[in-house]
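Undergrad: fold the following, please.
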Amino acid sequence: MPRADAPPATPPCPANLIPLPVTGGHTDSRLRYSRGENREGLLIREFSVARKKIKAALGNLVEGALRRPSPPQHERIGEQKMSDRKETSTQPVYPQRTAEEIIAGMIKPASCEHTEAGRITWEMFCAAIRNDVETLKRHVAEDPARARLEFWYTPAIHFAVREGNLEATRVLWEAYPYDEVTKLIHMSDNRDHAAVANYLREQIGAGVFEADLRLHEAVESRDMEEVVRLLTEEATPTEQRDPAGRTPLHTAVIHQQKEAAERLLDADASVDATDHQGFRPIHYAYWNLTYWGGRVDDKAGLARLLMERGAADSITLAAARGDIDAVRAFLNKDRAAANDGDTLQKRPLSTAVEGGHRDMVRLLLNHGADPTRAETRTCPNGSALMTATVNGQLELAQMLLDAGADPNGGIDSSGWPASRAESDTMRTLLYSYGGKPNPIWGYIQKGRIEIVAAILRYTDDPFAQETSEYLTTPYTSIISGWSRSKDKNGPTEAYEGMLRLFLQRNYPMPKVLTECRTYLWHVPAMTRQLLEHGLDPNLPDWQRRTPMHDFASNANPEDIQFELMGMFLDHGADINIVDEEDRSTPLGIAAGNGDKRMVQYLLDHGAEPNKAGAVWATPLAWAEKRGHGEVVEMLRKHGATG
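TA: Purely as a prediction, here's the structure:
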């Protein structure tokens, strides 16, 4: 966008001269003037020529339009000449929006209407967008855990940072140092919110992310010669952090690189440095996640090495290695240690359950271990019972339920214990303690067509009681179930049968899916059937991101991206639609990713090179700030300005 004080493209017209339209054949783009010719005669001559050319051009356009058949939607616009685009493009205007306009632009999820936690979450989001510090402080004072409330992995601090609200960011960060802070910093940088970005960097002791990561890369690639060279010849700092806050020693443990770990420790690498998630290097010797299913096999013996080199012990680590005497020693020293989470919020109780240590579980429960205590933001109800359920540990599950474990306590997007039980015995136990059985979408996802058919026999709308949009439609579960079964080389006929069943019943297509929307295009053949039965090709999520945005970001395997794009364009998808989160079109998303093939496809099919919801969100702006020079050139050739 040109500066306000930039010189005009056309020089001012002298008072005694008349500016005339430029006709073809002139390389000078300025208006021409004549001093030697009669003014009226000049006007007549020039406008006569111009009129003839315009008339001829219009005639050609009309004749061509009458003769040319209408191409499919996704083939229409690529025929326009680049020169025409340049001549007709204008500098777009991106008006500033108020907080209320931003809030109105989002789609309020159903769960934020129908549940108390959801209503509080939405109020926190709105306060963060408005920079309403008093409302945020009130909520945090009433319950500090409210700063952790999320919808679809998005807490309130995300919106405070997104809108550049430093005061709101401070309040929320002080209540909850968000573990994915790197994403927040990058978002601040992208939107030129320098004050917010600098504040967040100060909180984690990070500089601008232009770190020298050669040591990380050498460790990961097992290039020990380069590791030694960097440590000796160049004295590369061992405490250099990657964007996740990890040191080279973290990287060595994650990739089971014992020799590299020894070299780094010999060079005085910090043995207990924590990354943004609170993981110390030794934690990665045991887990890659803090909840069930995250245990790793420490084949290289890195945990022992790190303990020998001075890593701090904890009751959680003692439980992880099955050392009941060490666990007892921690409890004798401090009974509250039964609920300690170390620096990564991993409780000793769930750790003991992971290892199947019955006596240790009983010891911890007798000392007050709470099976419902939160473990990171994805486990608000703890993970011990889910672990016991999935592992089929009936005795441990009984002990946990007797201690107050919640059979309906969900974990991330993995369901809840009662919904994950595989055996009849485990289900019976969990149901007897108040566990809720699988709703119909659970049976759909498991391919239990006989149960689904029986349920449909007795009710017209088995989804009526669900509080989330993605649970009120069968189609996400059908397609995700088909995809998962196929990945395991399992049968898919039941899912295909259920799709026919619901389509024949004319079960309505979703109008909005705030969660799990992308499942709908995991199987293109099924997706096509949904489109033919009325699925909105611009189906939005809660931030008005559409299928076209997803395809442009390569959210699906690359070999089906263009097939899906063509399919949706043929059914009327808007190629220039702008979302709320990134304020970008699909072209903007592709340009930011540096995806030349996708950028070219979108330009060929009518994407506007300057369309965006904000000046920092144009395709050209994304490509320039991320250093995609070839994409910048492509966009400029198609008329991108800025």
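Undergrad: any idea how many residues pack against the closest residue in space to Q398 that isn't next to it in sequence?
TA: Taking Cβ to Cβ, 6 or more residues apart in numbering as the measure, Q398 lies nearest to L429, with 6.4 Å between them; neighbours along the chain are not counted. No exception for glycine: its C-beta is placed from N, CA and C like everyone else's. Neighbouring residues of L429 were enumerated by other Cβ atoms under 10 Å; the total is 20.
Undergrad: L429 reaches E395, doesn't it?
TA: No. Under the criterion of Cβ atoms under 8 Å, L429 lies out of contact with E395, with a separation of 10.2 Å.
Undergrad: measure D272 to D340 for me?
TA: 16 Å (Cβ to Cβ, to the nearest Å).
Undergrad: neighbour-wise, which of the two wins?
TA: Counting neighbours by other Cβ under 10 Å for D272 and for D340 shows that D340 has the greater number, 18 against 14.
Undergrad: could I get the full set of helices for the stretch 451-600 of the chain?
TA: Assigned helices in the stretch 451-600 of the chain, in chain order: 474-487, 493-504, 524-532, 547-552, 558-570, 586-593, 596-604 (criterion: DSSP state H, counting those that start in this stretch).
Undergrad: can I get these in TSV including mean neighbour count and distance to G404?
TA: As requested, the helices of the stretch 451-600 of the chain are exported to TSV (neighbours: other Cβ atoms under 10 Å; distance: least, Cβ to Cβ, whole Å):
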stretch	mean neighbour count	distance to G404
helix 474-487	21	31
helix 493-504	17	38
helix 524-532	17	43
helix 547-552	26	41
helix 558-570	18	47
helix 586-593	28	46
helix 596-604	21	51
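Undergrad: so which of these is nearest R162?
TA: Shortest distance between R162 and the helices of the stretch 451-600 of the chain, using Cβ to Cβ, is found for helix 586-593: 15.7 Å.
Undergrad: out of the helices of the stretch 451-600 of the chain, which is closest to T514?
TA: Smallest distance to T514 across those (Cβ to Cβ): 11.6 Å, for helix 474-487.
Undergrad: and for the closest one, what's in contact with it?
TA: By Cβ atoms under 8 Å, 6 or more residues apart in numbering, the surrounding residues in contact with helix 474-487 are 440-442, 444-447, 463, 470, 491-492, 495-496, 498-499, 502, 507, 509-510, 513, 516-517, 519-523, 526-527, 530.
Undergrad: in ChimeraX, how would I select the buried members of these?
TA: One line in ChimeraX is enough to select the buried ones among these; burial here means 16 or more other Cβ atoms under 10 Å:
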select :440,441,442,444,445,446,447,470,495,496,498,499,502,507,509,510,513,516,517,519,520,521,522,523,526,527,530
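Undergrad: re the thing from before, now render the helices of the stretch 451-600 of the chain as TSV, adding mean pLDDT.
TA: Written out in TSV, the entries for the helices of the stretch 451-600 of the chain read as follows (pLDDT from 0 to 100):
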stretch	mean pLDDT
helix 474-487	93
helix 493-504	96
helix 524-532	97
helix 547-552	96
helix 558-570	91
helix 586-593	97
helix 596-604	96
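Undergrad: residues in contact with G415?
TA: Listed by Cβ under 8 Å, 6+ apart, the contact set of G415 reads G442.
Undergrad: repeat the analysis, applying 6 Å as the threshold.
TA: The contact partners of G415, by Cβ atoms under 6 Å, 6 or more residues apart in numbering, come to none.
Undergrad: per-residue pLDDT, it?
TA: G415 is assigned a predicted lDDT (pLDDT) of 83.
Undergrad: how about it, secondary structure?
TA: Under the three-state scheme (DSSP: H, G, I helix; E, B strand; the rest coil), the conformation of G415 reads as coil.
Undergrad: what number of residues lie near T425?
TA: As a burial measure, the neighbour count of T425 was computed by other Cβ under 10 Å and equals 12.
Undergrad: oh, I was asking about A369
TA: Per other Cβ under 10 Å, the neighbour tally for A369 reads 26.
Undergrad: does it touch L349 like I think?
TA: Yes. With the criterion set as Cβ atoms under 6 Å, A369 and L349 qualify as a contacting pair; they are 4.3 Å apart.
Undergrad: sorry, back to before: how about a markdown table for the helices of the stretch 451-600 of the chain, with distance to K625 added?
TA: Formatted as a markdown table, those follow (distance: least, Cβ to Cβ, whole Å):
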| stretch | distance to K625 |
| --- | --- |
| helix 474-487 | 34 |
| helix 493-504 | 43 |
| helix 524-532 | 33 |
| helix 547-552 | 17 |
| helix 558-570 | 24 |
| helix 586-593 | 8 |
| helix 596-604 | 15 |
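Undergrad: for T618, which of those helices is the nearest?
TA: The closest approach between T618 and any of the helices of the stretch 451-600 of the chain, judged by Cβ to Cβ, belongs to helix 586-593 at 6.6 Å.
Undergrad: dump that closest one to PDB, keeping only the CA atoms.
TA: Below are the C-alpha coordinates for helix 586-593, written out as PDB (Å, rounded to 0.1, in the frame of the first residue of the first chain):
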ATOM      1  CA  PRO A 586      -6.800 -19.700   0.500                       C
ATOM      2  CA  LEU A 587      -4.200 -18.000  -1.700                       C
ATOM      3  CA  GLY A 588      -2.900 -16.200   1.400                       C
ATOM      4  CA  ILE A 589      -2.500 -19.500   3.200                       C
ATOM      5  CA  ALA A 590      -0.700 -21.100   0.300                       C
ATOM      6  CA  ALA A 591       1.600 -18.100  -0.200                       C
ATOM      7  CA  GLY A 592       2.500 -18.100   3.500                       C
ATOM      8  CA  ASN A 593       3.500 -21.800   3.200                       C
END
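Undergrad: burial of the closest residue to A110 other than its chain neighbours, as a residue count?
TA: The shortest distance from A110 to any residue other than its chain neighbours is 5.3 Å, reached at E469 (Cβ to Cβ, 6+ apart). For E469, the tally of surrounding residues (other Cβ under 10 Å) stands at 23.
Undergrad: look at E469 and report its pLDDT.
TA: The score at E469 is 75. That number is its pLDDT.
Undergrad: how about the strands in the stretch 151-300 of the chain?
TA: Using DSSP state E, counting those that start in this stretch, the strands found in the stretch 151-300 of the chain span residues 154-155.
Undergrad: let me see the ranges of the helices in the stretch 251-400 of the chain.
TA: Counting by DSSP H, counting those that start in this stretch, the stretch 251-400 of the chain has these helices, from start to end: 258-266, 302-308, 315-320, 324-333, 348-354, 358-366, 384-390, 394-402.
Undergrad: tabulate those (TSV), appending mean pLDDT and mean neighbour count.
TA: Listed next are the helices of the stretch 251-400 of the chain as TSV, based on pLDDT from 0 to 100; neighbours: other Cβ atoms under 10 Å:
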stretch	mean pLDDT	mean neighbour count
helix 258-266	97	20
helix 302-308	97	18
helix 315-320	97	26
helix 324-333	98	16
helix 348-354	96	29
helix 358-366	98	19
helix 384-390	95	30
helix 394-402	98	19
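Undergrad: of those, which is nearest Q561?
TA: Nearest of those to Q561, taken as Cβ to Cβ: helix 384-390 at 34.0 Å.
Undergrad: and that closest one, what other elements does it pack with?
TA: Contact analysis of helix 384-390 by 3 or more Cβ pairs under 6 Å, 6 or more residues apart in numbering; DSSP states H and E lists helix 348-354, helix 394-402, helix 417-420 as its packing neighbours.
Undergrad: now tabulate the ones you listed in a markdown table and tack on distance to V140.
TA: Compiled in a markdown table, the helices and strands packed on helix 384-390 are given as follows (distance: least, Cβ to Cβ, whole Å):
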| stretch | distance to V140 |
| --- | --- |
| helix 348-354 | 27 |
| helix 394-402 | 31 |
| helix 417-420 | 30 |
